[in-house]
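Predicted structure and sequence below. I'll ask about it afterward.
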Amino acid sequence: MKRTLFLAAMAALVSATPALADMVNIRFTLGWKTQGSDAPFLLAAQKGYFAEEGLNVTIDQGEGSAATVTRIMGGAYDAGFGDINAIIQNAALRPDEAPVMVYQLWNRPPFAIVTPNDRGITTPADFEGRTLGGAQGTPTTRLFPVFAALNGIDLEAVEQQNMAPNLQEPMMIRGEIDGAFVFNITSWFNLIANRQDPENDYTWFLFEDYGMDLYSNGMMVSRRLLAENPDAVAGLVRAVNRATLEVARDQEAAMDAIMAFDNLVDRDIEHARLTFSLTNLMNAPEVAEIGMGDLVDDRLARSIAIVAEGYDLERLPEPSEIFDRAFLPPVAERLFEVVLN
């Protein structure tokens with residue numbers, strides 16, 4: 001009887017999944033090394049949601065959320081998890097090659113300036129006469145002049161030091177710099193790793209709170225895939241949307257998928273990072289209205305203008321060059337509700 005049930009279950013699985021020969025191969029790059037915030041993609045792979053859409057998705061670790069764009073433009077990958085602002089930069093110069101965002105995940109940007117409370121920096125004006133450090137070329141560092149202009153900061157009164165990302169928190173802790181240009185989802189956990197209390201002992205100047213109305217990471221696809229196989233793009237979006245809503249409801253299952261992909265990660269830390277991404281980057285008021293995966297075109301247009309100013313872009317891409325919502329399921333199928341566990 002058990003054998004009969006097993007064979008019946010296998011037959012049902014085979015019938016529900018397209019034959020391997022009919023599967024579309026998709027090469028997918030994450031934004032960085034395996035992290036809790038990668039859960040939607042890894043859960044979709046583990047639970048077979050990609051396979052149910054006729055997709056054979058190979059997932060690799062990344063080299064940075066901006067590098068996702070260049071990896072796709074170079075032809076090594078068909079899709080990936082990366083920063084929409086990097087798409088804007090590349091679309092301004094190479095509009096026919098830059099990838100397109102098709103599912104927005106981080107409605108709120110992680111860009112921030114973090115300072116220890118004991119430095120007495122409580123307003124943006126207090127950055128004057130201080131030293132801030134950051135990695136050259138990152139969005140937080142490159143966009144600081146725009147932040148300064150919007151908030152009345154004399155840029156020449158702020159000393160800026162370039163440094164490797166892994167030196168920012170240690171140098172700040174030692175008092176060698178007064179603050180750092182960071183991604184909050186990264187720096188928060190770097191501080192914890194350095195035995196700091198990021199919630200109580202540090203002040204976070206979030207760009208979104210100071211006139212920098214930016215989006216951030218989501219799923220993007222190559223223009224080639226978009227043109228040659230729109231059905232595959234639609235399948236990717238459906239699978240990731242399905243997994244994203246499950247991740248919001250069940251972080252333990254999400255972490256199981258992450259550990260199955262990379263058993264070397266620290267489960268507790270990455271569980272906390274996943275919770276951070278859900279509550280601080282994804283669960284925005286705007287998402288309650290438009291659903292997960294979408295964005296507001298007027299806000300994207302403002303974002304493009306901010307990025308163009310920060311990166312001295314000569315051409316402002318149109319929002320339609322950056323984001324394509326044509327593959328999104330109906331809003332009712334993208335309603336996002338976080339239940340922490």
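Happy to help now that I have it.

Find the centremost residue of the chain, please.
Asn217 (2.8 Å; Cα atoms, centre = their mean).

Now that one: closest residue in space, sequence neighbours ignored.
In space, and not counting its chain neighbours, Asn217 is closest to Trp106: 4.3 Å by Cβ to Cβ, 6 or more residues apart in numbering. C-beta coordinates here come from the backbone N, C-alpha and C atoms, glycine included.

who are the neighbours in contact with the one you found?
Tyr215, Ser216, Asn217, Gly218, Ser277, Leu281, Met282 (Cβ atoms under 8 Å, 6 or more residues apart in numbering).

And the last one, what's its pLDDT?
It stands for Met282. Met282 carries a pLDDT score of 97 in this model.

Near it, how many other residues are there?
23 (other Cβ atoms under 10 Å).

Next, it: phi, psi?
Note on Met282: its backbone torsions stand at phi -100, psi -40 [degrees, to the nearest 10].

And for the third one?
Summarising the backbone geometry of Asn217 under the convention degrees, to the nearest 10, its torsions are phi -80, psi 150.

Please list all residues in contact with it.
Applying Cβ under 8 Å, 6+ apart, the residues near Asn217 are Gly31, Ser37, Ser65, Phe81, Gly82, Asp83, Ile84, Leu105, Trp106, Leu281.

how much space between it and Glu270?
Per Cβ to Cβ, to the nearest Å, Asn217 is found 16 Å from Glu270.

now do the last one
Using Cβ to Cβ, we find Met282 at a distance of 16 Å from Glu270.

Per-residue pLDDT of Ala67, please?
Looking at Ala67, the pLDDT reads 88.

For the residue nearest to it when sequence neighbours are not counted, what is the enclosing helix or strand?
Leaving aside its chain neighbours, Ala67 sits nearest to Gly82 (7.5 Å; criterion: Cβ to Cβ, 6+ apart). Assigned by DSSP states H and E, Gly82 belongs to strand 79-83.

next one: Met101
Residue-wise, Met101 maps onto strand 100-104 under DSSP H and E.

helices and strands around that strand, which ones?
helix 84-93, strand 217-221, helix 223-228, helix 230-249, helix 319-322 (3 or more Cβ pairs under 8 Å, 6 or more residues apart in numbering; DSSP states H and E).

got the buried residues for the helix or strand hosting Gln168?
Assigned by DSSP H and E, Gln168 falls within helix 168-173. Neighbour-count burial for helix 168-173 flags Gln168, Glu169, Met171, Met172 (criterion: 16 or more other Cβ atoms under 10 Å).

What's the first helix or strand after that helix?
Later in the chain than helix 168-173, the nearest helix or strand by DSSP H and E is strand 179-183.

helices and strands around that following strand, which ones?
Packing contacts for strand 179-183, counted by 3+ Cβ pairs under 8 Å, 6+ apart, involve strand 111-116, strand 131-134, helix 139-142, helix 168-173.

Pick out the shakiest of the ones you listed, pLDDT-wise.
Averaging pLDDT over each of these puts helix 139-142 lowest, since it has a mean of 93.
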